[in-house]
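Asker: generate coordinates for the sequence data below:
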Amino acid sequence: MSDNRNMFIAIGLSMAILIGWQFFFGIPQAEKQRQQAEQQRIAQQAQQQTAPAAPGTDGAVPTPGAGPAGVPQGASPVAGRPMTREQALAATPRVAIQTARLKGSIALRGARVDDLLLTEYHETVDPKSPNIVLLSPSGAPNPFYAEFGWTSAAGASVAVPGPDTLWTAAPGAALTEKTPLVLTWDNGGGLTFRRTLTIDDHYMFAVKDEVENKGGTAVTLYPYALVSRHGLPKVEGFYILHEGLIGVLGDSGLQEVTYAKMDKEKPLAFSATGGWLGITDKYWAATVIPDQKVKVDAKFSTGSLNGVQTFQTDFLAQPLTVEPGGTIASSGQLFAGAKVVQVVDGYRTQYGIDRFDLLIDWGWFYFITKPLFLAIDWLYRLVGNFGVAILIITVVLKGIFFPLANKSYASMAKMKAVQPEMTTIRERYADDKVKQQQALMELYKKEKINPVAGCLPILIQIPVFFALYKVLFVTIEMRHAPFFGWIRDLSAPDPTTVFNLFGLIPWDPGSVPVIGSYLLLGAWPLIMGVTMWVQMKLNPAPPDPTQQMIFNWMPIIFTFMLAHFAAGLVIYWAWNNTLSVAQQALIMKRHGVKIELWDNIKSVFKKKQPAKG
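Answerer: Below is the predicted model of the structure:
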């Protein structure tokens, strides 16, 4: 029973490791290669266009953003060569956006929010590296922008503002936390459009659109908002992380559609009251948010423009009629920035935005992942280091699960104490496995031993391991969070490798074809492997040679596999192993069981005596 149990555990763990390797590293690597090939194809097509335009539409009118975009007036790209971002920005008059966390501009032509940099975040851990570019205008490489506006009913001849409309702002106007921006446009047919934008001290824009009717007839208009992205962006390619189109839309709930899936989908339509929708990256997002009391028709769609694929999320609100001499108004919001947990949660509460916290991909184990992050974040605010916070939370979790682990290790200690009796039973009934199992079960019952208790500590670790992996991978708070020494980013793998003597040799082992990724074996994965090996040597080697081989190779397999995981996760695993060794040794000592750790370790280095003939 015990031998079979250990064998099943060993095989199960090995399979879990191999499946986990494929899930977290093998498959994502293949997906990255596919994405890179797709990006190269798009880049080649982009070289053949003069300038991208807004996504085309083929649905029924009214349709959000259906007006033509064209090349921004004033642009003069070289034939056959797309404009740079700087050229596209200079092609139209703009009003500056300047806050403590955002820097950019709003195009007066089209009134789009299409130029945004995140001043608190950089492309690398080097604080001198460029700021993260979130939004870019049409005409630039990789356009990504938000647009609010009005559209008219099918067949109506009402002139409404579009992507080429030149709005007017007061001289010297700018959008800051303290100064709103007011834009106006007269359609020449009796309608005056007025747009007021405000922004808070983080990433939320408020947009109020008003239409005044100075004509003699009533006019019906539909307010809309959209987020559009041209071209396939670079994605992480990990299945535990959603990147692409996203939204929470009433009874339809959370909708997550990847860029790849949009290739196979027709436009996805939803009807909801309130909610939100947009496009998300790993750490950043742009989403439009209607008035939470207004019914909207929302849509996820994709198209092609000059050979470049486009992605769009939009909503169309219920029609509003402005009578002669009257005014109508529509309000909405735009979130464009970093997915900081406290900020996103705050917006959900402050504005009552339906399930806005799901903008952060907490995954299926939301009920474990988010509380774990909140606990780590709280500890971080006390100690000032996320790595130390992870070490502390590991101790706390050990304390919480100590009663269960105590029973488990106590049962293992009892089993170890009766090992001589188990050996005697196996020898006595060597030819009768049925009687052998019956005798072993009677011994377990007599000594009050649970033969599967040893599985519990491992089973406890699994959900915590995956939850911590998710926290390190998806939360921006962990991005570029340093530990000590060479670990400058807990969310990235250990940057060192033993194969260049941890940087002493000026050579990158990762550049080796085919096997390069397997040579990036850092110091912390090695530490983790040693702690795991020590933990396994705390118990005597299983009698079965196959089991011995599996348990001997397991620390080595784990070492290479976890080398590609976030450093914070590897540090957690090494620390957890160390605590487990101390905990198990203490419990064994309390039960009077000999701790054979040093004996087992020394036996590894002893020369085996040749068998006597």
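Asker: use CA for all of it now, contacts and neighbours both
Answerer: OK.
Asker: tell me the centre residue of the chain?
Answerer: What sits nearest the mean C-alpha location of the chain, by CA atoms, centre = their mean, is residue 474, with 3.3 Å.
Asker: what's the distance between it and residue 496?
Answerer: 23 Å (CA to CA, to the nearest Å).
Asker: and the next element down the chain from the lowest-mean-pLDDT helix or strand in the chain?
Answerer: Lowest on mean pLDDT, DSSP states H and E among the helices and strands of the chain sits helix 27-46, with a mean of 46. Going down the chain from helix 27-46, the next helix or strand is helix 85-90, by DSSP states H and E.
Asker: mind listing the strands for the stretch 301-450 of the chain?
Answerer: 308-317, 320-322, 327-338 (DSSP state E, counting those that start in this stretch).
Asker: and residue 5, what pLDDT?
Answerer: Residue 5 carries a pLDDT value of 46.
Asker: cool, and residue 12?
Answerer: At residue 12, pLDDT is 55.
Asker: ditto for residue 454
Answerer: Per-residue pLDDT puts residue 454 at 59.
Asker: and what of the one 5 residues further on?
Answerer: Per-residue confidence at residue 459 stands at 71 (pLDDT).
Asker: mind checking the SS state of it?
Answerer: helix (DSSP: H, G, I helix; E, B strand; the rest coil).
Asker: number of nearby residues for residue 136?
Answerer: When neighbours are counted by other CA atoms under 10 Å, residue 136 registers 26.
Asker: can I assume it is in contact with residue 142?
Answerer: Yes - at 6.9 Å, residue 136 and residue 142 qualify as touching, with contact defined as CA atoms under 8 Å.
Asker: tell me where the model's unsure across the stretch 51-200 of the chain.
Answerer: 51-63, 65-81 (pLDDT under 70).
Asker: what segments of it are strands?
Answerer: For the stretch 51-200 of the chain, applying DSSP E, counting those that start in this stretch gives strands covering 94-98, 102-107, 113-122, 131-135, 144-152, 168-169, 174-175, 181-186, 191-199.
Asker: wait, which of these is closest to residue 569?
Answerer: Proximity to residue 569 (CA to CA) singles out strand 113-122 among those, at 22.7 Å.
Asker: any idea of the angle that closest one forms with strand 94-98?
Answerer: Interaxial angle of strand 113-122 relative to strand 94-98 (axes from the mean of the first three to the mean of the last three CA atoms, to 10 degrees): 30 degrees.
Asker: tilt between strand 113-122 and strand 327-338?
Answerer: Going by the same axes, to 10 degrees, strand 113-122 makes 30 degrees with strand 327-338.
Asker: what's the separation between residue 498 and residue 590?
Answerer: Look at residue 498 and residue 590: by CA to CA, they are 39 Å apart.
Asker: those two: who's more crowded?
Answerer: In this view residue 498 and residue 590 are compared by other CA under 10 Å, and residue 498 has more residues nearby, 15 against 12.
Asker: for the more buried one, list the residues it contacts.
Answerer: Contacts for residue 498 were tallied using CA atoms under 8 Å, 6 or more residues apart in numbering; they are 520-523.
Asker: from the residues you listed, which is closest to residue 299?
Answerer: The nearest one, if we look at these relative to residue 299 and count by CA to CA, is residue 520, at 43.7 Å.
Asker: could you pull up phi and psi at the closest one?
Answerer: phi -90, psi 70 (degrees, to the nearest 10).
Asker: pretty sure it sits against residue 512.
Answerer: No - the criterion here is CA under 8 Å, and residue 520 misses it with residue 512 at 10.4 Å.
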